[in-house]
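# Pasting a predicted model and its sequence here:
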Amino acid sequence: MTNHHQELAQQIVEEFRGSLSGEAREYISESQFEDLSQNIHRALAHERGHIVDLMEAVVRSLRSGVDKPEIGL
């Protein structure tokens, strides 16, 4: 997993933390915020893998059209 994903996950958590009231922040531990960050990080990595799979399918599709020899008449 990339540092970019880790930084993005941390940014999302910080924005979420900032959106909470002070009272709500008292009920959420630092460990829980870290768990949230890791869950976001894993979700981003999963989506990245899904995008890679889709791109590979597009490349295979494009190559299958290119690999056929043209018959010049």
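Received it, and whenever you're ready, just let me know what you need.

# so where's the protein shaky on pLDDT?
Across the chain, the ranges flagged by pLDDT under 70 are 1-2, 67-73.

# how does it look with 50?
The model of the chain has pLDDT under 50 over residues 1.

# Quick one: the helices in this protein, in order.
Here the chain has its helices, by DSSP state H, at 3-19, 22-27, 30-66.

# any idea how far the residue nearest the centre of the chain lies from Gly65?
Taking Cα atoms, centre = their mean, the centroid of the chain lies closest to Leu44, which sits 1.9 Å from it. The gap separating Leu44 from Gly65 is 32 Å, by Cβ to Cβ, to the nearest Å. Any C-beta I mention is one placed from the backbone N, CA and C, and that applies to glycine too.

# Same check on Glu26?
Glu26 is 60 Å from Gly65, by Cβ to Cβ.

# now Arg42
The spacing between Arg42 and Gly65, counted by Cβ to Cβ, is 36 Å.

# Neighbour count for these two, which is higher?
Between Arg42 and Gly65, Arg42 has the larger neighbour count (other Cβ atoms under 10 Å), namely 13 against 7.

# re earlier: most neighbours per residue, which of the helices of the chain?
helix 3-19 (a mean of 13; mean count of other Cβ atoms under 10 Å).

# For that one, enumerate the helices and strands it packs against.
With contacts defined as 3 or more Cβ pairs under 8 Å, 6 or more residues apart in numbering; DSSP states H and E, the packing partners of helix 3-19 are helix 30-66.

# Run through the residues that contact Asp35.
If a contact means Cβ atoms under 8 Å, 6 or more residues apart in numbering, then Asp35 has no contacts.

# from now on call the first residue 4
Sure thing, new numbering starts at 4, so read that last one as Asp38.

# In this structure Ser40 contacts Glu10, no?
No - using Cβ atoms under 8 Å, Ser40 is not in contact with Glu10; the gap is 10.1 Å.

# what are the phi and psi values for Leu23?
Phi and psi for Leu23, reported as degrees, to the nearest 10, are phi -80, psi 150.
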